[in-house]
Every structure is written in C-alpha cells, then in structure tokens.
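Trainee: Whatever this is, show me its structure:
(one chain, ligands or ions: 2)
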Amino acid sequence: MLWQSSSTPDFMDNRDIVLSIDELQVPRLSKIICTINSRTATVEEIEKMIQAGMDIARLNFAYDEAEHHLQAIANIRKAVKNIQSTSETHVDVAIAVDTKGPEIRIGKLEGGAQVTLIEGKTLRLTIDQAYINKGNSSVIFIDYEDILEVSTPGMKFYISSAILTLDWIEENDILCTVLQGGVISSYDEVTGEGIFKLKTELSAIDLSHIEMAVQEHVDCLCVTHTMSQDSVLKVKHLIKDCGGDMLVFAKIQNKIGLMNVKEILNVADGLIVCRQHLGIEFPSEKVFSCQKLVLARCKEAGKPCMVSNSTLLSMVDETVATYAECFDIGNSVLDGVDGLLLAKVTAIGSHCLESIKKTADLCQEAEGVVNHKLMFDAVSKFHVIDPARSMAFTAVTSAFKTNAQAIIVISTSGNTAKRMSVYHPPCPIVAITRRVLDSRQLCFYRAVFPVLYRKPLENDWEEDIQERWKFGVEYCKQMKFVELGDSVIVVTGWKIGTTHTNSMKIVTVN
Ligand SMILES: Nc1ncnc2c1ncn2[C@@H]1O[C@H](COP(=O)(O)OP(=O)(O)OP(=O)(O)O)[C@@H](O)[C@H]1O
Ligand SMILES: CC(=O)C(=O)O
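Mentor: Ligands and ions are numbered 1, 2, ... in the order given. Predicted coordinates:
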C-alpha cells in the first residue's frame, strides 16, 4: 500500500473506504490492553484473547486477592508460551498491574451477589467493619474512614451506574437517597467530587502490591489516581529498591492530576486517560477535551498515551457495539492515541473476544485512513532533534519518502524503537532484541513489533548484525508486512551495547 503522499492536504488519506481490512493488508499499529479477571481467566481463554489482538494483559489489583493475581500471571505466561511454541513468528504479550491507589471501594456484598439499588430508596454507607462482608440493598460498607470528614449534605456519590445523594451523617454512617438506580457488585469503586481530599496516593497495600509485581517481573505499573510527580518518583524508587525495572504509567483521572499532567509526564513513561473518573470531576461535555489535552501533552513529551473507560461498554452484554462507540475508538486513533484499554468488557463481559476483535478492526480501519504524515509533521515540531532522536526521526522520514513497508531496528535496549514510535510511522517498526524484558516492554509502543532474537552473539559484530537483519526481513515476510521488491529501512548500531545506534540502510526485499 502507498503510504500518504506528503503533499496531501487532508487529514484523512484518500483510501477507498469500501476496501475490507483483509484487502487493506495493513497491520494494526495501535495497542490493545485487556483487563483480565484474575479470579476466572484460564490459560485457554487468555490464548484466545491474544489471538484476538491483546497486546498487554492488565491486572487490576483493586480486585481479587494476591493468590488470584499470582495465578493469573502464571496463566498469562503459560498462554504466551503455548502460542510461541506453535506460532511461526514471535508473539509477545506484556503484563501491566494497576495499583488500587487512593480508590474508595465498597465491601463484599452478601453471598458475593450483585445488588440492585432502586431509585428513591434510602441506602446507608457505613465504615462499621461489621458490614465489611455483608453489604445489601440497605447497608453497604465503604473502606474509607475519613469519608465522614470529607462529606457534606447534598454531595453526590457514584457507585457503578448508581448515583446517591447524601442526606445526613450519623456516627459511623452516611445516609443517602438513591437518585439513579443501578446494579452494583462487590468491591465496586465509590467516587464523588472532592472525595480524595484526605487520601494519599499510595497506600501500604499499594506498596506491598508493587513489591509483588517486581518479584513477578511484571512489565508495567499503572499508578491509579496519580496527582503529582512525587508519587511517580516514589513508585520508581520503590521499584528500583526492590531490584525491578518496570515501566510506570500514570493514570490521569482527577482534576489535580490533570492540572499537573506536564510535571507528571517529566517522570512517567506514559499516561492513561481514565474518562469515567474524569467525568465525575468534570461535566460530561468536558471529558473529550480532557482526553485531547492529555494526548497533546503526551505528544509534546514524546510518551505513549492510552485511553481507558467506557470503551465498548455496550458489548459487556450485547454482541454489537453502538456506532457512537465505534466512532469513539476510530476518532481516538485518528487523534493519535497509542492504545486502547478495555476494562469491564474483557474482565466480566459476555463477549470478551468479540470486543477485542472489534477494537482491533476499528484501529486498523482508522489507521488505514489517517494521514500519518500530518501527524509526523505535528509531532516533529515539538521536539528538538538531538543526536539520540535524529536516528529515529531520519528512519521515519525515510520510511515516508521511500514508501517503506517496515522499519527493522537491530536493538539492544529498544530505545531507538521507542523514539521512532513517537513519530507516528505509517508502517510497523520491527524491533529485534535479545533482552526478554525489553521485548515485552516494547509492546506498549505504537507500531512496535518486538521480536526476541534467541541466538547467541556471533564473534564478529558485523556478521551478527547481518544475521539479525535477515531474521527481521524473514519476520516481516511471515507477518505479510512486506512482499518481494518492497523497501525496508534497517537501523543498526556500529558497535555492541546501547546508545550506539547510528547507521541506516534502505534495502529491497528479495
Ligand atoms: N477481577 C476483576 N478485575 C477487574 N475488573 C473487574 C473484575 N471483576 C469485575 N470487574 C469489573 O470490570 C470493571 C473493570 O474496570 P476497571 O478495571 O477500570 O475498574 P475500576 O473499578 O473502574 O478501577 P480503576 O479506577 O482502577 O480503573 C469494573 O467496573 C468491575 O466492575
Ligand atoms: C467501567 C468502564 O468504564 C469500562 O469498563 O471501560
């Protein structure tokens, strides 16, 4: 396929939109993060999720017990191994862990069942531990002692789709009227404007979860309700102290976090926009602007931006998505987001695999029409082209100019591939690395296809480079990224180790 001609003025490519995805023959470049239900996900189900398009498996530590998460991590690893052993090409899936953070949750509901809250009825929210495991439609435990201090009559609380209004406060309890009914489940989150005032961003539970994630060699930590640079730094120090090396993504989900987004980006590896929570703190008509603002800041900083919440929610129950949901994903990709995070629809939805496939198809459709060159020009303006960036910039520029169908990076750390991803190349970046962790972490970067190279280092560096580059071309053929006669950009280093990537070739596939 001919990538965007550099003179096309339109935002969209002039591709014939009646072409099907198969006819398009373009790989999906945006990433898909799927929430795994640690309690229930089997190896077989996870394998199917990977085959449907999951790039990153997310475990939300706000739910379930440590033993379930350990089992889920083992299951994900087993599923990846099974696929790797049967697939001709390398497949990698990263694991991300989401901290509980300063979230406020209800306790367990009686019998573990769901409860329907009926509009107009009274509901008692209590901090009395006696109710921790026996919530029902009239009294529910809430795990936040300071709730009584931050609450005032008239304040609204949101639990799943139910909305409550606070009437009065009594000793250990808050008496509410159900303004909007809804079904709630055990451990659902409770939100409300100003509710986090007295909360610290990282609890003792989070710290122990982070240690566990390091021990389990998890690839990325997502910091819930990040409000400051300090909390990201604290997490990074803790990871380092525990001997780990994880990416740290900050979740932007309240006003304070949004206000501090620039400073947070100075230290975080990427951001996740949590639209549902932003919709509690802002009127709903402002939430799309919040998403675009966070995305713009990420482009400026050259870091990935993922979008989360309310994505394909109707597919939790229905087999089809609404047109508005399809527009949402398509438009997010057109805007330049790096990935989509599916939560409820993959954690407890009835059509998990269909929802992943739908997301993958929507990403591919949007990538087929987006004007990559406009995006490249816009992003390039943000960055000073220092020596480290210039190789990435040059390779992506050459991919546009030569209509290359892939960029192959022979890499030690994967950093050059990460930098290339920022420039929004129109074609896949195949990153060949020997490092297992780097290979998995590259799953978070738009357009990057990490490929683990298992052969030991040749004595001769030049020979080793050639072997790896041939291996990369073979991978591109197997993945159908290229055909005979296509151009491929190959980027390599001139000597062993990191920071030496400085050579580029344009080769023809034969
Ligand atoms: N084991 C589970 N893991 C994750 N989500 C679960 C699980 N079981 C049920 N769910 C449901 O799936 C949805 C997942 O959404 P998500 O992971 O974004 O949770 P959340 O409560 O909104 O927290 P966060 O603020 O961390 O995003 C929740 O609404 C929850 O009801
Ligand atoms: C609950 C929600 O926002 C989601 O699953 O995306």
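
Trainee: Please count neighbours and contacts with C-alpha atoms only from this point.
Mentor: Will do.

Trainee: can you list the residues of the stretch 1-150 of the chain near ligand 1?
Mentor: Contact residues, the stretch 1-150 of the chain versus ligand 1 (Cα under 6 Å from any ligand atom): 37, 38, 39, 60, 63, 64.

Trainee: so where's the stretch 401-510 of the chain uncertain?
Mentor: Filtered on pLDDT under 70, the stretch 401-510 of the chain yields the residue ranges 494-501.

Trainee: quick one, helices of it?
Mentor: Assigned by DSSP state H, counting those that start in this stretch, the stretch 401-510 of the chain shows helices spanning 415-422, 436-441, 461-478.

Trainee: circling back: out of the residues of the stretch 1-150 of the chain next to ligand 1, name the two that are farthest from one another.
Mentor: 39 and 60 (11.2 Å; Cα to Cα).

Trainee: the more surrounded of those two?
Mentor: In terms of neighbours (other Cα atoms under 10 Å), residue 60 is the more surrounded of residue 39 and residue 60; the figures are 21 against 15.

Trainee: beta partners for the nearest residue to residue 122 once chain neighbours are set aside?
Mentor: Nearest non-adjacent residue to residue 122, counting by Cα to Cα, 6 or more residues apart in numbering: residue 177, 4.6 Å away. Beta bridges link residue 177 to residue 122, residue 165, judged by DSSP bridges.

Trainee: Quick check: residue 177 touching residue 125?
Mentor: No. Counting by Cα atoms under 8 Å, residue 177 stays clear of residue 125, with 10.6 Å between them.

Trainee: near ligand 1, which residues of the stretch 201-350 of the chain?
Mentor: 343, 344, 347, 348.

Trainee: Turn these into TSV, including neighbour count, pLDDT and secondary structure.
Mentor: Output for those, formatted as TSV (neighbours: other Cα atoms under 10 Å; pLDDT from 0 to 100; DSSP: H, G, I helix; E, B strand; the rest coil):
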residue	neighbour count	pLDDT	secondary structure
343	25	97	coil
344	21	96	helix
347	21	97	helix
348	16	95	coil
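
Trainee: Which parts of the protein belong to which domain?
Mentor: Taking the TED database as the reference, the chain has its domains at 27-101+204-369, 104-192, 374-509.

Trainee: closest one to ligand 2 among those domains?
Mentor: Nearest to ligand 2 among the domains of the chain is domain 27-101+204-369 (3.1 Å), distances taken as Cα to the nearest ligand atom.

Trainee: follow-up on the earlier one: rank the domains of the chain by mean pLDDT and give me the bottom one.
Mentor: Mean pLDDT across the domains of the chain is lowest at domain 374-509; the value there is a mean of 88.

Trainee: Relative to residue 160, how far out is the closest residue in space to residue 194 that isn't next to it in sequence?
Mentor: Closest residue to residue 194 apart from its sequence neighbours, by Cα to Cα, 6+ apart: residue 150 at 7.4 Å. Per Cα to Cα, to the nearest Å, residue 150 is found 20 Å from residue 160.

Trainee: what residues does this protein put near ligand 2?
Mentor: 276, 308, 309, 310, 311, 313, 342, 343, 344, 345.

Trainee: Please render these as CSV that adds secondary structure and distance to residue 491 to the earlier fields.
Mentor: What follows is the residues of the chain next to ligand 2, written out as CSV (DSSP: H, G, I helix; E, B strand; the rest coil; distance: Cα to Cα, whole Å):
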residue, secondary structure, distance to residue 491
276, helix, 41
308, strand, 33
309, coil, 37
310, coil, 39
311, coil, 36
313, helix, 41
342, strand, 34
343, coil, 36
344, helix, 40
345, helix, 39
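
Trainee: Relative to ligand 1, which of these is nearest.
Mentor: Top of the list for closeness to ligand 1, among the residues of the chain next to ligand 2 and by Cα to the nearest ligand atom, is residue 344 at 3.4 Å.

Trainee: ok now do the closest one, which residues does it touch?
Mentor: Contacts for residue 344 (Cα atoms under 8 Å, 6 or more residues apart in numbering) come out as 35, 313, 316.

Trainee: do residue 113 as well
Mentor: 185, 186.

Trainee: again, 6 Å this time
Mentor: Residue 113 makes no contacts at all, as judged by Cα atoms under 6 Å, 6 or more residues apart in numbering.

Trainee: separation between it and residue 61?
Mentor: Distance of residue 113 to residue 61, computed by Cα to Cα: 20 Å.

Trainee: cool, and residue 103?
Mentor: From residue 103 over to residue 61 the distance is 11 Å, taken as Cα to Cα.

Trainee: What of residue 189?
Mentor: For residue 189, the distance to residue 61 - Cα to Cα - is 13 Å.

Trainee: Tell me the secondary structure at residue 119.
Mentor: With DSSP: H, G, I helix; E, B strand; the rest coil as the basis, residue 119 sits in coil.

Trainee: just the strands in the stretch 151-300 of the chain please.
Mentor: Taking DSSP state E, counting those that start in this stretch, the strands of the stretch 151-300 of the chain run over residues 156-159, 162-170, 173-180, 182-184, 189-191, 220-223, 247-252, 270-274.

Trainee: Apart from its neighbours in sequence, what residue is nearest residue 174?
Mentor: Leaving aside its chain neighbours, residue 174 sits nearest to residue 125 (5.1 Å; criterion: Cα to Cα, 6+ apart).

Trainee: Helix or strand: which one has that neighbour?
Mentor: Per DSSP states H and E, residue 125 falls inside strand 122-126.

Trainee: Could you check how far that strand is from the centre of its chain?
Mentor: Here strand 122-126 is found 35 Å from its chain centre; the criterion is Cα atoms, centre = their mean, to the nearest Å.

Trainee: Identify the residues contacting that strand?
Mentor: By Cα under 6 Å, 6+ apart, strand 122-126 touches 138, 139, 140, 141, 142, 172, 173, 174, 175, 176, 177.

Trainee: Repeat that for stretch 349-357.
Mentor: 49, 52, 316, 317, 345, 346.

Trainee: Report the angle between the strand holding residue 125 and strand 162-170.
Mentor: Counting by axes from the mean of the first three to the mean of the last three Cα atoms, to 10 degrees, strand 122-126 points 70 degrees away from the direction of strand 162-170.

Trainee: now strand 122-126 and strand 173-180, what's the angle there?
Mentor: Using the same axes, to 10 degrees: strand 122-126 against strand 173-180 is 140 degrees.
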